[in-house]
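Visitor: Okay, predicted coordinates and the sequence, questions at the end:
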Amino acid sequence: MDNHLDHMPVLSRGRHRNPKRGACFMELASYLAGERWSDHPACTHPLLAALARLVNDNTGDESRAKLVRLVPSIIGLASDDLRVDARIALRCATMALPVAAAERQLALAVSVLAAEEMLARLDGAPSGRLSETSRRAMAEVPQAAEQARRFSRAARITEKGFRRYAAPNAVQLAVVGIVQACINDPDALLCRLLEESIDDCSALIHGAETPVVTAPVHA
């Protein structure tokens, strides 16, 4: 791929009419996949593509150029499996929760529990399980975590509602939370979020998922 970089559109914010005007992350993916020029190509799961667009648009110019190496890895990650949505939402919420401002922590903690609940339901596992990654993230914000547990016990989301609203909201909240966080390099964390989300999707879609260590949720 590096040998062809001089002939590729340059990554920049927003949508672009054609490659000569530049490209966002997903437009470049459509270009490399041989699809019609679009920032919503069929080659990538819609929620993963949404995350890629958000990371692209909220990353500085210098850091955005470093995202190019990830574009080929997002091509072909398409699936109707709701577990993909849940994995993306969970990765986003757990990564943003420890660094997000206090006013966003409750919503992110609720997103963590909703994604875990949906994964348990889809896997036929007992309700209330929590991965080690989620346990660590929730432990960073104990007050928000306790409020989220109380809220989640009184609410039950449908699969349709999770796909259409809860999962996309988790992704949006996470990116905004990281961008506005008081950390040294939010761009680096955004890049890591996208890279690890791509890895999660690849493992799930291609059937090479590693076991998840789980533990019960404590009230």
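Guide: Noted; the coordinates are in hand.
Visitor: Packing partners of the lengthiest helix in the chain?
Guide: In the chain, with assignment by DSSP state H, the single longest helix is helix 102-123. Judged by 3 or more C-beta pairs under 8 Å, 6 or more residues apart in numbering; DSSP states H and E, helix 102-123 is in contact with helix 82-96, strand 129-131, helix 132-139, helix 142-153, helix 167-179. The way it works is simple: take the backbone N, C-alpha and C, and place the C-beta from them, glycine included.
Visitor: Excluding sequence neighbours, find me the nearest residue to Leu108.
Guide: Closest residue to Leu108 apart from its sequence neighbours, by C-beta to C-beta, 6 or more residues apart in numbering: Leu97 at 4.4 Å.
Visitor: where's that neighbour relative to Pro72, distance?
Guide: 30 Å (C-beta to C-beta, to the nearest Å).
Visitor: Compare these two (neighbour count), which wins?
Guide: Neighbour tally, Leu97 and Pro72, criterion other C-beta atoms under 10 Å: the higher count belongs to Leu97, 28 against 13.
Visitor: Is the more buried one in contact with Arg135, as I believe?
Guide: No - Leu97 lies out of contact with Arg135 (C-beta atoms under 8 Å); the separation is 11.5 Å.
Visitor: Walk me through the domains of the protein.
Guide: Structurally, the chain divides into domains by automatic domain parsing as follows: 2-74, 82-216.
Visitor: where among these is the average confidence lowest?
Guide: Lowest mean pLDDT of the domains of the chain: domain 2-74, a mean of 81.
Visitor: Run the chain-centre distance for that domain.
Guide: 16 Å (C-alpha atoms, centre = their mean, to the nearest Å).
Visitor: now do stretch 85-96
Guide: On C-alpha atoms, centre = their mean, the centre of stretch 85-96 falls 5 Å from that of its chain.
Visitor: got the contact list for it?
Guide: Residues outside stretch 85-96 that contact it (C-beta atoms under 8 Å, 6 or more residues apart in numbering): 45, 47-48, 51, 104, 108-109, 111-112, 114-116, 118-119, 122, 131, 133-134, 136-137, 162-163, 166-167, 170-171, 173-175, 177-178, 181, 189, 192-193, 196-197, 200-201, 204.
Visitor: Can you flag the buried ones in those?
Guide: Those of those that meet the buried threshold are 45, 47-48, 51, 104, 108-109, 111-112, 114-116, 118-119, 131, 133-134, 137, 162-163, 166-167, 170-171, 173-175, 177-178, 181, 189, 193, 197, 200-201, 204, by 16 or more other C-beta atoms under 10 Å.
Visitor: what sits against Ala52?
Guide: Phe25, Met26, Ala29, Thr44, Ile74, Leu194.
Visitor: Secondary structure element holding the second one?
Guide: Here Met26 sits within helix 25-32, counting by DSSP states H and E.
Visitor: Return that helix as CSV; C-alpha atoms alone will do.
Guide: What follows is helix 25-32, C-alpha atoms only, in CSV (Å, rounded to 0.1, in the frame of the first residue of the first chain):
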residue,chain,number,x,y,z
PHE,A,25,-11.5,7.4,6.3
MET,A,26,-14.5,5.5,4.9
GLU,A,27,-14.4,7.2,1.5
LEU,A,28,-10.8,6.0,1.2
ALA,A,29,-12.1,2.5,2.2
SER,A,30,-14.7,2.6,-0.5
TYR,A,31,-12.0,3.6,-3.0
LEU,A,32,-9.7,0.8,-2.0
